[in-house]
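[1] from the sequence below, what's the structure:
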Amino acid sequence: MARLLRPTLGPLSRTVAITRVSGTSHGPEVLDSGAVIARRTIQLADPFENIGGMLIRHIAWQVFERVGDGTATAAVLAQSLMHAGVRYIVAGGNPVSVARGMERGLEVALPELRRQARTIDGPAEIARVVAGGLGPTRLDLAEMLGEVVDAVGPDGAILVEDAQGTRTVHEYIDGVRWNEGFVSSFLLRPDEAANTRVMNPRIFVTDYALDRAEQLLPVLEACVGAGDRNLLIVAPEVRDSAVGLLVANRERGVLQGVIAVKAPSFGVQRTRILEDVAAMTGGRCLVQERHDRLADVSADDLGRARQAWATRFAFGILGGQGSKATIRQRIADAKAELSRVDNDPHTTRLIRERIGKLAGTAAIVRVGAPTQAEQEELKLQIEAAVRSARSALRDGVVPGGGAALLACVAALEALEVGGDEGFGVKALAHALAEPMRAIVANAGLQPAPIVQRARCERQVYDVVRRQWVDPWTGGIVDPLPVAVAALETSVSAIATALTSDVLIHRANPPMAVEP
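    Coordinates of the predicted model:
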């Protein structure tokens with residue numbers, strides 16, 4: 001499985017041809033995205049090899065969902081760690097100590113990674129980050145996404161939709177997003193893999209925990225009574241009983257679409273955010289402190305919007321129909337609250353985010369392609385590129401081309417750890433050079449001399465231009481969260497795998513369609 005993903009690493013990556021799982025076309029798919037390749041590879045013939053293959057597949061998809069890039073890097077790191085660990089353990093090493101050594105090395109490598117980070121700003125720098133994921137043939141698309149991400153900021157909503165033609169275009173609309181996802185995958189329709197959306201929903205906002213089905217009955221009656229069949233619920237908790245009621249009403253056709261999402265933040269600021277959501281959508285937030293009663297909910301309490309969407313990690317509202325005067329008053333109140341906050345960086349950040357969201361905009365990227373298969377693949381790549389760009393804008397970038405990981409090796413080599421733990425640290429130090437080796441090898445070059453020189457250079461090797469360049473001026477950078485996610489996920493998964501003593505195969509296992 002790792003050998004399937006390894007060729008996709010770097011700007012001069014190779015492709016992988018996979019027989020189509022379904023569809024009318026009989027030709028193979030030719031793919032260059034590690035995440036798509038991992039998702040398409042749903043089973044290996046040998047049941048015990050399949051367990052290892054699905055482990056790598058799960059690592060890759062976890063990293064992809066978290067940061068939108070770094071899938072092949074994670075697979076390459078995991079493969080190197082696994083090979084080294086297995087050889088040592090077979091020779092008599094203690095698997096628990098080896099795993100502990102890898103985790104100890106991780107604790108040293110992560111601060112070294114973060115120390116290398118620099119912030120980015122402006123559409124040109126964001127476009128450079130995006131181009132790394134889209135490839136050198138899509139620079140125009142990278143520039144467009146750089147402009148879009150710069151315009152909406154790290155917290156603005158960017159939706160990726162189908163276009164009617166073959167061109168990919170964008171437009172800006174009023175909208176906002178929060179980093180909390182849907183409460184239950186049971187609310188997803190069968191054709192929705194990891195995200196859902198509803199058009200023209202009514203919006204119910206409360207700081208009550210909804211743990212009983214009967215709490216939602218007045219909300220459903222108010223929504224349906226007003227002639228609306230799409231609903232978004234924002235609350236601190238929506239328990240199984242309430243979710244069951246929503247699913248049952250959707251299945252019976254009472255509701256056409258329904259999303260329930262977890263309220264962002266906690267404490268006083270959570271209530272403030274919920275009141276902001278209500279103001280943006282023209283509804284009313286039902287608050288426990290005011291003794292508002294859920295039984296008294298009416299259609300006037302439910303907000304409206306053009307569209308609402310949710311994934312496992314975020315939700316957003318586009319085209320909220322709240323009054324401009326109410327929103328301006330909420331911004332003024334938030335600014336006044338900000339002026340009263342003393343030396344509390346967390347609360348200050350939350351209030352600044354609230355002000356940004358109240359005044360924020362959103363963008364829709366409409367993806368066009370000659371065929372539906374190409375369109376679906378490009379949509380997935382654009383969504384990943386947007387996630388990657390957001391993380392870079394928020395947390396900064398590090399030297400690319402595997403250089404940032406390689407720069408952590410010296411710190412691991414300086415660790416004074418012996419025995420089996422010491423081997424775990426050495427295995428991680430060796431693995432950190434593996435992504436650069438793969439990038440150079442995919443470009444048709446000999447990795448050894450370039451990796452050796454890279455350990456002494458402040459520059460990185462540009463495999464496209466065949467020369468050493470400064471990473472910051474040359475634009476060869478990776479988002480810090482991508483490097484961190486790939487490293488953390490691979491070490492965590494392999495430390496667990498190395499300490500597994502028994503593999504159990506079921507006679508008729510379900511096919512792992514979802515990673």
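[2] contacts and neighbour counts: CA atoms only from here.
    Will do.
[3] CA atoms of stretch 342-352 as PDB?
    Provided in PDB are the C-alpha atoms of stretch 342-352 (Å, rounded to 0.1, in the frame of the first residue of the first chain):
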ATOM      1  CA  ASP A 342      -7.500  42.200  30.500                       C
ATOM      2  CA  ASN A 343      -4.500  39.900  29.700                       C
ATOM      3  CA  ASP A 344      -6.600  36.900  28.600                       C
ATOM      4  CA  PRO A 345      -5.200  35.900  25.100                       C
ATOM      5  CA  HIS A 346      -7.700  33.000  24.700                       C
ATOM      6  CA  THR A 347     -10.800  35.200  25.300                       C
ATOM      7  CA  THR A 348      -9.300  38.000  23.200                       C
ATOM      8  CA  ARG A 349      -8.800  35.600  20.300                       C
ATOM      9  CA  LEU A 350     -12.300  34.300  20.600                       C
ATOM     10  CA  ILE A 351     -13.900  37.800  20.600                       C
ATOM     11  CA  ARG A 352     -11.700  38.900  17.600                       C
END
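[4] any weak-confidence spans in the stretch 51-200 of the chain?
    Applying pLDDT under 70 to the stretch 51-200 of the chain picks out residues 136, 154-157, 174, 191-193.
[5] where along it do the strands fall?
    Taking DSSP state E, counting those that start in this stretch to define them, one finds strands in the stretch 51-200 of the chain at 158-162, 169-178, 195-199.
[6] distance of E221 relative to N249?
    Going from E221 to N249 by C-alpha to C-alpha, to the nearest Å gives 11 Å.
[7] counting neighbours, what do you get for R252?
    Neighbours of R252 under the rule other C-alpha atoms under 10 Å: 9.
[8] go on, G93?
    A count of nearby residues for G93, using other C-alpha under 10 Å, gives 17.
[9] is it true that it touches D420?
    Yes: in this structure, G93 is within contact of D420 by C-alpha atoms under 8 Å, at 6.2 Å.
[10] and the strands of the stretch 51-200 of the chain: which comes nearest G322?
    G322 sits nearest to strand 169-178 of all the strands of the stretch 51-200 of the chain, at 11.3 Å, using C-alpha to C-alpha.
[11] quick revisit: between the strands of the stretch 51-200 of the chain, which one is nearest to V261?
    strand 169-178 (10.1 Å).
[12] and that closest one, what does it pack against?
    If you count contacts as 3 or more C-alpha pairs under 8 Å, 6 or more residues apart in numbering; DSSP states H and E, strand 169-178 packs onto strand 315-318, helix 345-358, strand 361-367.
[13] remind me which residues of the chain are low pLDDT?
    Along the chain, the model assigns pLDDT under 70 to residues 21-26, 136, 154-157, 174, 191-193, 343, 360-361, 511-515.
[14] please name the nearest non-neighbouring residue to the residue sitting nearest the centre point of it.
    What sits nearest the mean C-alpha location of the chain, by C-alpha atoms, centre = their mean, is R66, with 3.2 Å. Of all residues not flanking R66 in the chain, A485 sits nearest, at 7.5 Å (C-alpha to C-alpha, 6 or more residues apart in numbering).
[15] show me which positions of the helix or strand that neighbour falls within end up buried.
    Per DSSP states H and E: A485 is located in helix 480-498. Residues of helix 480-498 classed as buried: 480-495, 497-498 (neighbour count, 16 or more other C-alpha atoms under 10 Å).
[16] then stretch 376-396?
    For stretch 376-396, the neighbour count (16+ other C-alpha under 10 Å) marks 376, 378-396 as buried.
[17] show me those that map onto strands.
    Among these, DSSP state E puts none in strands.
[18] distance of the residue lying closest to Q381 once chain neighbours are set aside from R349?
    With sequence-adjacent residues excluded and distances taken as C-alpha to C-alpha, 6+ apart, Q381 is closest to L134, at 6.9 Å. From L134 across to R349, the span is 32 Å (C-alpha to C-alpha).
[19] the two: which is more packed in?
    With neighbours defined as other C-alpha under 10 Å, L134 and R349 compare such that L134 has more, 20 against 12.
[20] tell me the contacts of that one?
    By C-alpha atoms under 8 Å, 6 or more residues apart in numbering, L134 lies in contact with A142, Q381, I382, A385.
[21] tell me the strands in the stretch 201-350 of the chain, going along the chain?
    Using DSSP E, counting those that start in this stretch, the strands of the stretch 201-350 of the chain run over 202-206, 230-235, 257-262, 285-286, 303-304, 307-311, 315-318.
[22] helices or strands up against the fifth one?
    Packing partners of strand 303-304 (3+ C-alpha pairs under 8 Å, 6+ apart): strand 202-206, helix 267-281.
[23] need the three-state assignment for the nearest residue to Q375 once chain neighbours are set aside.
    Nearest non-adjacent residue to Q375, counting by C-alpha to C-alpha, 6+ apart: A369, 4.9 Å away. Assigned by DSSP: H, G, I helix; E, B strand; the rest coil, the conformation of A369 is coil.
[24] return the residues in contact with A369.
    A369 sits next to G165, T166, R167, T168, Q375, L378 when contact means C-alpha under 8 Å, 6+ apart.
[25] count of residues packed around the second one?
    Counted by other C-alpha under 10 Å, the residues lying close to T166 total 14.
[26] do the same with the first one
    Using other C-alpha under 10 Å as the criterion, G165 is surrounded by 13 other residues.
[27] go ahead and confirm it touches G368.
    Yes: if you go by C-alpha under 8 Å, G165 and G368 touch, sitting 5.5 Å apart.
[28] could you point out which element follows the longest helix along the chain?
    In the chain, with assignment by DSSP state H, the single longest helix is helix 372-395. The helix or strand immediately downstream of helix 372-395 is strand 397-399, counting by DSSP H and E.
[29] which residues does the residue nearest to R66 contact?
    V63, R66, V67, G70.
[30] before we move on, what about Q256?
    Shown in contact with Q256 (C-alpha under 8 Å, 6+ apart): R229, N230, R250.
[31] tell me the spacing between it and D462.
    Q256 sits 52 Å away from D462, taking C-alpha to C-alpha as the criterion.
[32] over to N442?
    Separation of N442 from D462 (C-alpha to C-alpha): 13 Å.
[33] ok, now S490?
    26 Å.
[34] with R506 instead?
    For R506 relative to D462 (C-alpha to C-alpha), the value is 47 Å.
[35] those two: which is more packed in?
    D462 (19 against 7).
[36] OK, contacts around the more buried one?
    Counting by C-alpha under 8 Å, 6+ apart, D462 has contacts G401, W468, V469, I476.
[37] G322 is in contact with T281, correct?
    Yes: here T281 lies in contact with G322, judged by C-alpha under 8 Å, at a distance of 4.2 Å.
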